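only geometry, no sequence info:
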C-alpha cells in the first residue's frame, strides 16, 4: 500500500503484530456498505464515470456475497478488513478498483464501518433491554399488592409493595434506555469524507453519502470526526450502566432468595445444584450476571485509558478501541437474553415475607410521623419512638403488641387513633405521595411505565429503517 515511500516490505513479525483482522473482520459488510455509498457519490460528482461506479458497486456486492458464503478468506498480509476488501475488489473489477479510495482515508472509512455496525448492535440491545423492562412491568402488576420489607444498609427499614420494588429497577433501566438512545444519536453522525483529518480538495458530497447510509447529519469537523471516539465511550458507558443495574438487581435476588431471607423464590430452571450437597439451590445465573458486570465496567475504563493521552488526529492505539467493546457487547447481550426470562418467573412467598414484620419495628417511622401530625417536632418524635423501640428490644416485645397503656407510658402523646395505624398494609397504603409505595401509586407508576415503553419502541424503530442501500 505504501511502496511509493518505503524501500522495504513490512517485516512479517510486524504484519503479525499490527494486523487487526481478529478485531475488524466482523465489520466487513459495513465496510462494503460504506464503500458502495462512497462509489455512488464518486459517480454522482463525476470523479468516476457512471459505468465505473456501477462496476465498483457490483464488484463490492460480489465481495459481500463471498464473505457471507465463507468463500473469501482474508490475508494477514493485507493488514485489515478494509485492504482485504479493496484488494479482492480489484481482482474482480480490474484497474477501476484502484479508484474506490479516491477522496477517502482508512481513518474515515473505518469509523464509518464501526458506526454502521454499532448502530445495529445498539438497536438490538435496546430491543433486548425493552424485553427486560417488560418482564419488570409484568412482575410489578403481579406483585402490586404483595408487601415485603424494604431495606437500607441491608437492615429492615419500611414495608413496601413488591410492585414498587420491581418498578424501582424498571426506572433504572429506563434511564439506561435513554443512554442507548443518546449513544445512537452520537453514532448517527457521518464521518465519511473527512479523509485522514483535513477533508479533501476533491468535490466530495458528504451529505449524499450520509443520506445513503442513514446518518442524521454530517460530522461538522473533519479533524474531530476521525479523532474522537465519543460514540464508543457513550455506547460503552450505556452498556456499563445496564450491567451495573443488572448486577445490583441480581445481588438483591441472591440475598432475598437465601434461606435467611427466604421470601423470594427463583425458578428452578435458572438455578443449579451442588455436586456434593443435595439440598443446595444455587443462583448461579445471577452470580454470573454480577461477575460479568465487573468486566464490562473494566472495559469502559480500558477504553478511557487508551484515549486519555492521545494527540489529534489518528494514532494506532485506536486500533485497540474495539477490543473491549466487542466483549462488552457480547456480555451485555448474553445477560439481556437470560435475565428477562428469569425475572418473569420469580415468585414471592407472601407468608414468609409477612413473617419478616413480626417485631413491628418497620412501622416505627409511621409512629414518628403520627406524632408529627400531633404537633410534636420530628426530631423529638424520632427520639421518643427510638426509646420505645429500645424498650421493646429489652423486654422482648413487638411494637405491634403494645397496649394503649404501654404506648402512653412510653409516649404520652399516643392516643387510641395510633393503634389502627400499626398495620403493615395500612403503612404501605398511607404512603400515597407521588412515586410512593402505596398500591394506588404503584398502579399509576405501571401506567406511566407502559406509556414510556410505547414511546421508547417508537424511538428505537426509527433507526433500523434508516439504511438506504
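Cool, the structure landed. Model, not experiment: these values are computed from the prediction.

Which positions within stretch 200-216 qualify as buried?
200, 204, 206, 208, 209, 210, 211, 212, 213, 214, 215 (16 or more other CB atoms under 10 Å). (C-beta placed from N, C-alpha, C; glycine too.)

Please enumerate the helices of the stretch 301-450 of the chain.
Using DSSP state H, counting those that start in this stretch, the helices of the stretch 301-450 of the chain run over 323-343, 350-355, 364-373, 378-394, 404-410, 424-430, 439-461.

export the ones you listed to CSV and tack on mean pLDDT, mean neighbour count and distance to residue 305?
Putting the helices of the stretch 301-450 of the chain into CSV (pLDDT from 0 to 100; neighbours: other CB atoms under 10 Å; distance: least, CB to CB, whole Å) gives the following:
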stretch, mean pLDDT, mean neighbour count, distance to residue 305
helix 323-343, 96, 19, 10
helix 350-355, 96, 14, 45
helix 364-373, 97, 18, 45
helix 378-394, 97, 15, 47
helix 404-410, 96, 15, 58
helix 424-430, 97, 18, 47
helix 439-461, 97, 16, 31
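
Test my guess that residue 384 contacts residue 409.
No - in this structure, residue 384 is not within contact of residue 409 by CB atoms under 8 Å, at 11.8 Å.

what sits against the residue lying closest to residue 366 once chain neighbours are set aside?
Leaving out its chain neighbours, the residue that sits closest to residue 366 by CB to CB, 6 or more residues apart in numbering is residue 427, at 5.1 Å. For residue 427, the contacting residues are 158, 159, 362, 363, 366, 421, by CB atoms under 8 Å, 6 or more residues apart in numbering.

cool, and residue 217?
188, 189, 190, 210.

from these, which single one is nearest residue 241?
Distance to residue 241 across these (CB to CB) is lowest for residue 188, with 20.1 Å.

between the contacts of residue 217, which has the most around it?
residue 190 (27 neighbours; other CB atoms under 10 Å).

related to what we said a few turns ago, which one of the helices of the stretch 301-450 of the chain lies closest to residue 47?
helix 323-343 (33.6 Å).

what's in contact with that closest one?
23, 26, 118, 121, 124-125, 128-129, 131-132, 134-136, 139, 232, 235-236, 239-240, 242-243, 246, 250, 266-267, 270, 285-286, 289, 292-293, 295-296, 298-300, 302-303.

Recalculate using a threshold of 7 Å.
Residues from elsewhere that reach helix 323-343 (CB atoms under 7 Å, 6 or more residues apart in numbering): 23, 121, 125, 128-129, 131-132, 134-136, 139, 232, 235-236, 239, 242-243, 246, 267, 270, 285, 289, 292, 295-296, 299, 302-303.

Which of the residues you listed are buried, as a PyMOL select command?
With 16+ other CB under 10 Å as the burial test, the buried ones among those are selected in PyMOL as follows:
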select buried, resi 23+121+125+128+129+132+134+135+136+139+232+235+236+239+242+243+246+270+285+289+292+296+299+302+303
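
Which of the contacts of helix 323-343 fall within helices?
23, 121, 125, 128-129, 131-132, 134-136, 139, 232, 235-236, 239, 242-243, 246, 285, 289, 292, 295-296, 299, 302-303 (DSSP state H).

Give me the pLDDT value at residue 4.
The per-residue pLDDT reported for residue 4 equals 62.

Same check on the one 10 residues further on?
Looking at residue 14, its pLDDT stands at 68.

do the same with residue 37
At residue 37, pLDDT is 98.

and it, how many neighbours?
Residue 37: 25 neighbours (other CB under 10 Å).

Equivalent analysis for residue 356, please.
17.

if I read this right, it contacts residue 151, doesn't it?
No - at 10.2 Å, residue 356 does not count as touching residue 151 under the criterion of CB atoms under 7 Å.

In contact with the closest residue to residue 369 other than its chain neighbours, which residues?
Nearest residue to residue 369 in three dimensions, chain neighbours excluded: residue 381, at 7.6 Å (CB to CB, 6+ apart). Going by CB under 7 Å, 6+ apart, residue 381 touches 368, 371, 372.

Please tell me how far the last one sits from residue 314.
Yep, that's residue 372 we're talking about. 63 Å (CB to CB, to the nearest Å).
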